[in-house]
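Peer 1: okay, sequence plus prediction incoming.
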Amino acid sequence: GENVEQHPSTLSVQEGDSAVIKCTYSDSASNYFPWYKQELGKRPQLIIDIRSNVGEKKDQRIAVTLNKTAKHFSLHITETQPEDSAVYFCAASIGGQGAQKLVFGQGTRLTINP
Amino acid sequence: DVKVTQSSRYLVKRTGEKVFLECVQDMDHENMFWYRQDPGLGLRLIYFSYDVKMKEKGDIPEGYSVSREKKERFSLILESASTNQTSMYLCASRSPGGHNYGYTFGSGTRLTVV
């Protein structure tokens, strides 16, 4: 079955710098790759996603890139701010649209230092 | 906005008890999921349901069962709680026909088995 590996497990950056989190997946049939942000004590929230027919997607300070050949995708956060501190999860889909489920990575705890 | 409501934020149960975790969504979503979240392991799928009365095992179903008698409600049952089931439990839902393929999560239930 699908396996998603996420690195690093922890990441600490200075405010204003960029942060990059990387994930690899094993099932070449996966076609949907969301990223979730979970603040302390709160539910995971979808922040950006990408489908397999697109190589890159941006939304203000966050972007996701996908390399289907290498089976890896990355989250990029630019001009980091204290409110970016959270745990981030990547995920990859398996199954058809009506029966799709997500396999998650292990999570990255991002800390933004002022 | 879709609301996914989990009935309890915190639960403490004794070893051997039968435990029910309830999840209700208000947007007529067909798909519902139960995940378990543990530090360093990410979110692992316990069970999911494509529609009413339908259920499928996820990656870690041992010791759990589910019930989906109505579309809006998906219950996770711990048949005989054990200390290794102490964890955060997250419910999620999605509509396979929607443009947003991502999940909406509940706030989670932190279960402690003593």
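Peer 2: Structure received. These figures come from a predicted structure and were not determined experimentally.
Peer 1: for the residue most central in space within chain B, which residues are in contact?
Peer 2: When C-alpha atoms, centre = their mean is applied to chain B, the residue found nearest the centroid is B:W34 (2.8 Å). Remark: with contacts taken as C-beta atoms under 8 Å, 6 or more residues apart in numbering or on different chains, B:W34 is in contact with B:21, B:23, B:45-48, B:58, B:64, B:66, B:74, B:76, B:89-91. To be clear about C-beta, it is placed using only N, CA and C from the backbone, and glycine gets the same treatment.
Peer 1: for it, what is the enclosing helix or strand?
Peer 2: Assigned by DSSP states H and E, B:W34 belongs to strand B:31-38.
Peer 1: in its sheet, which strands sit next to that strand, and in what direction?
Peer 2: Applying DSSP bridges, strand B:31-38 is found paired with strand B:42-49 (antiparallel), strand B:87-94 (antiparallel).
Peer 1: out of those strands, which is closest to A:Y36?
Peer 2: The closest of these to A:Y36 is strand B:42-49. By C-beta to C-beta, the value is 8.6 Å.
Peer 1: average pLDDT for that closest one?
Peer 2: In this model, strand B:42-49 has a mean pLDDT of 95.
Peer 1: in it, which residues are buried?
Peer 2: The neighbour-count check on strand B:42-49 (16 or more other C-beta atoms under 10 Å in any protein chain shown) flags B:G42, B:L43, B:R44, B:L45, B:I46, B:Y47, B:F48, B:S49 as buried.
Peer 1: helix or strand right after that strand?
Peer 2: Using DSSP H and E, the helix or strand that follows strand B:42-49 towards the C-terminus is strand B:56-57.
Peer 1: how about the residues of chain A by chain B?
Peer 2: With C-beta under 8 Å from any C-beta of the partner chain as the criterion, chain A comes near chain B at residues A:1, A:4, A:6, A:9, A:32, A:34, A:36, A:42-46, A:49, A:51, A:89, A:93, A:97-107.
Peer 1: now the residue nearest to the centre of chain B: how far from A:G55?
Peer 2: 33 Å (C-beta to C-beta, to the nearest Å).
Peer 1: what do you get for B:T15?
Peer 2: 51 Å.
Peer 1: how about A:F73?
Peer 2: For A:F73, the distance to A:G55 under the criterion C-beta to C-beta works out to 10 Å.
Peer 1: and stretch B:67-74, anywhere near chain A?
Peer 2: No. Shown here: stretch B:67-74 not in contact with chain A (C-beta under 8 Å from any C-beta), separated by at least 13.6 Å.
Peer 1: for the nearest residue to A:P8 once chain neighbours are set aside, which residues are in contact?
Peer 2: Of all residues not flanking A:P8 in the chain, A:T108 sits nearest, at 6.1 Å (C-beta to C-beta, 6 or more residues apart in numbering or on different chains). By C-beta under 8 Å, 6+ apart, the residues touching A:T108 are A:Q6, A:H7, A:P8, A:S9, A:T10, A:L11, A:I21, A:V87, A:Y88, A:F89.
Peer 1: what does B:G102 give?
Peer 2: Counting by C-beta under 8 Å, 6+ apart, B:G102 makes contact with A:P34, A:Y36, A:L46, A:D49, B:R94.
Peer 1: the first one belongs to a strand, doesn't it?
Peer 2: In other words, A:P34. Yes. According to DSSP: H, G, I helix; E, B strand; the rest coil, A:P34 belongs to a strand.
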